[in-house]
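Chemist: no sequence on this one, just coordinates:
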DNA sequence: GCGTAACCTTACGCACGAGTAGGTATGCTC
DNA sequence: GAGCATACCTACTCGTGCGTAAGGTTACGC
């Protein structure tokens, strides 16, 4: 009985609802009816605009993933020194997750498990890993050093994994501060356990 | 038809089958029929011995989790220096994952997403985090230093996350060597990016 | 050799939720 | 203000797979 809205608007409303429901229930426990309900619309509309349940989920992943990538992209300019780039990237990342706690993190967690989406997600993570590895490679070459591609990839993978893990932690601790979390991550990633045990710590630069 | 077996044996066969099927299909796509089939038994037996699908999955998680914890437990004696403990723990962990590639890693991946099991898994991870944090705390106190509980927890969390992430990587790369992966992880965790960029690397001790 | 308890089966009920058929209202164009 | 496209609905079908009822068969004690 309420307003008839143009397609583009309704699509976004549906995606908002879908993200919310998928986050709350998980992919399988979520029902198309609940998504439709939550968007204030009936089920066939969802099918008409976004397609099957899987397609809806992929659309969610895409939108949220793109937003995240964009949030990070601008932050880490390639001409900065490595520590600065890492710091800015981390800060942007945790800032994003902090602002989309239930949206992003839970969606991301969902996608890991379910086979149809694991590939989709692996691609996204792959891009991130590539960026981090590229940053390392760049910094190493600047020092006249070189490292095997696999070593590079694995190190980047570990860093991305640690970061995702702290993102989960952040999503589960609503009171936690994204900025502080980013600083902690930076300490681990940049300095390593040995230095931390010696009492050496890293602090964010004034900017 | 074939042998009638005592309960304890059949239960293990069922769990073996369940782990295999859950790994291959994921929790939801797995059917109780397939599990029963794979165990060479009919469905009601599974219900009689292990209960509902959820209970079967939890039983799998428990068994595999316990095995993993045991594999790590003996490796890292508390009286060793921190780097040695970390190294032995990592080596044991990656050794275990390498030997149970499709079993453990995929099971673990499943459990992250589905709400009923996330708690179960969080408990397991919590124990690991506690161990790692405890190790840090111990080493710090030995140096007369002290760090806040949250800082400790978050650092441990990051390390565990990085390790899990490399475990995933290992599970997806059948040709990769667990020992070498553990060494790479040790480099990241112990030395950090700064040192690695300077060309400083960590090598496993001869033993 | 007979009861009884454990092992194991076939065959079904039933709920749930994805996806659809077919129809109604609203607004835009000319 | 007729025609037409677009937004939107109610009310179904139907597959799938969990969980179970009811009954058969082998081992084992006594």
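Modeler: Looks like it came in fine. Just so we're clear, the structure is a prediction, and the values are computed from it rather than from any experiment.
Chemist: gap between stretch A:45-58 and the chain center?
Modeler: Relative to its parent chain, stretch A:45-58 has a centroid offset of 22 Å by Cα atoms, centre = their mean, to the nearest Å.
Chemist: same question, stretch A:29-42
Modeler: Relative to the mean C-alpha coordinate of its chain, stretch A:29-42 is positioned 25 Å out (Cα atoms, centre = their mean).
Chemist: So what touches it?
Modeler: A:2, A:10, A:13-14, A:16-18, A:20-22, A:24-25, A:43, A:45-47, A:53, A:56, B:115 (Cβ atoms under 8 Å, 6 or more residues apart in numbering or on different chains). C-beta: built from backbone N, CA, C; applies to glycine.
Chemist: Pull out the buried residues from these.
Modeler: A:10, A:14, A:16, A:17, A:18, A:20, A:21, A:22, A:25, A:46, A:53, A:56 (16 or more other Cβ atoms under 10 Å in any protein chain shown).
Chemist: hmm, the helix or strand harbouring the third one touching DNA strand D?
Modeler: If I follow you right, that is residue A:16. Using DSSP states H and E, residue A:16 falls within helix A:7-25. Yes. For helix A:7-25, a contact with DNA strand D is found by Cβ under 7 Å from any atom of the strand, at A:7, A:10.
Chemist: Which residues of chain A lie near DNA strand C?
Modeler: A:3-4, A:29-33, A:43-44, A:47, A:52-54.
Chemist: Name the helix or strand of chain A that has the lowest mean pLDDT.
Modeler: Ranked by mean pLDDT, DSSP states H and E, the weakest helix or strand in chain A is helix A:106-113, scoring a mean of 84.
Chemist: report the angle between the axes of that helix and helix A:7-25?
Modeler: Per axes from the mean of the first three to the mean of the last three Cα atoms, to 10 degrees, the angle that helix A:106-113 makes with helix A:7-25 is 70 degrees.
Chemist: Just want to check the distance between residue A:20 and residue B:27.
Modeler: Applying Cβ to Cβ, to the nearest Å, the value for residue A:20 to residue B:27 is 23 Å.
Chemist: Show me which of the buried ones among the contacts of stretch A:29-42 is closest to DNA strand D.
Modeler: Of all those, residue A:10 has the smallest distance to DNA strand D: 4.2 Å, by Cβ to the nearest atom of the strand.
Chemist: quick one: pLDDT of that closest one?
Modeler: Predicted confidence (pLDDT) for residue A:10: 94.
Chemist: what's near enough to touch it?
Modeler: Going by Cβ under 8 Å, 6+ apart, residue A:10 touches A:39, A:41, A:45, A:49.
Chemist: redo that, cut-off 10 Å
Modeler: A:4, A:39, A:40, A:41, A:45, A:46, A:48, A:49, A:50 (Cβ atoms under 10 Å, 6 or more residues apart in numbering or on different chains).
Chemist: and those, which are buried?
Modeler: Buried among the contacts of residue A:10 by 16+ other Cβ under 10 Å: A:39, A:41, A:46, A:49, A:50.
Chemist: buried stuff in stretch A:130-139?
Modeler: Applying 16+ other Cβ under 10 Å to stretch A:130-139 flags A:131, A:132, A:133, A:135, A:136, A:137, A:139 as buried.
Chemist: how far is that stretch from where the chain is centred?
Modeler: 19 Å.
Chemist: Kindly report the same for stretch A:78-97.
Modeler: For stretch A:78-97, the distance to the chain centre is 14 Å (Cα atoms, centre = their mean).
Chemist: got the residues of chain A near DNA strand D?
Modeler: A:3, A:4, A:5, A:6, A:7, A:10, A:41, A:42, A:43, A:44, A:45, A:48.
Chemist: Run a quick check on residue A:192 versus residue B:185, I expect a contact.
Modeler: No. Residue A:192 is beyond contact range of residue B:185, at 11.5 Å (criterion: Cβ atoms under 10 Å).
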